[in-house]
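Engineer: Got a sequence here, can you model it:
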Amino acid sequence: MTESASPYISQPRITVLGVQPCESPFRIVEIDGEMVGEARAVTDVLETAALHGIVVHDLDDPDVVRWVGGDRYTWKPRYRSRHR
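Structural biologist: All right, here's what the predicted structure looks like:
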């Protein structure tokens, strides 16, 4: 008999995507897999969540918010230096 182990992978309702490099950088906010807005600061993420009936108590809880391309302190694009 073969047993398959399935590790727990959290699927938070809120996903904050990486910083969009433009004149006024922002991050796209998704709730339940749908794009619902833009955030230019962590307060925008909290306001967007509240508008969708989600109360966030801990922004560092991976079961609540998934941060892609940085954490809650990342609001400027990361530029990579090109070394040859």
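
Engineer: which residues in the chain form helices?
Structural biologist: Counting by DSSP state H, the segments of the chain that form helices are 42-51.

Engineer: residue ranges with poor pLDDT in it?
Structural biologist: The chain contains residues with pLDDT under 70 at 1-10, 80-84.

Engineer: could you redo the last one with a cut-off of 80?
Structural biologist: Applying pLDDT under 80 to the chain flags the ranges 1-10, 78-84.

Engineer: now the strands: where do they sit in it?
Structural biologist: Listed from the start of the chain, the chain has strands (DSSP state E) covering 14-20, 26-31, 34-39, 65-67.

Engineer: Quick check: which of the ones you listed is nearest to Val55?
Structural biologist: strand 14-20 (11.2 Å; CB to CB). From N, CA and C alone the C-beta is placed, and that goes for glycine too.

Engineer: quick revisit: which one, of the strands of the chain, ends up nearest to Ala49?
Structural biologist: strand 14-20 (5.8 Å).

Engineer: what about dumping the CA coordinates of that closest one to CSV?
Structural biologist: C-alpha atoms of strand 14-20 as CSV (Å, rounded to 0.1, in the frame of the first residue of the first chain):
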residue,chain,number,x,y,z
ILE,A,14,-5.4,38.0,0.3
THR,A,15,-2.4,38.0,-2.1
VAL,A,16,-0.3,41.1,-2.5
LEU,A,17,1.8,40.8,-5.7
GLY,A,18,5.2,42.3,-6.4
VAL,A,19,5.9,46.0,-6.9
GLN,A,20,5.0,47.3,-10.4
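
Engineer: Can you tell me what sits against that strand?
Structural biologist: 25-31, 33, 39, 45, 49, 54, 56, 64-70, 72, 74-78 (CB atoms under 8 Å, 6 or more residues apart in numbering).

Engineer: what pairs with the residue sitting nearest the centre point of the chain across the strands?
Structural biologist: Within the chain, one residue has its C-alpha closest to the average C-alpha position: by CA atoms, centre = their mean, that is Val16, at 2.0 Å. Judged by DSSP bridges, the bridge partners of Val16 are Val29, Trp67.
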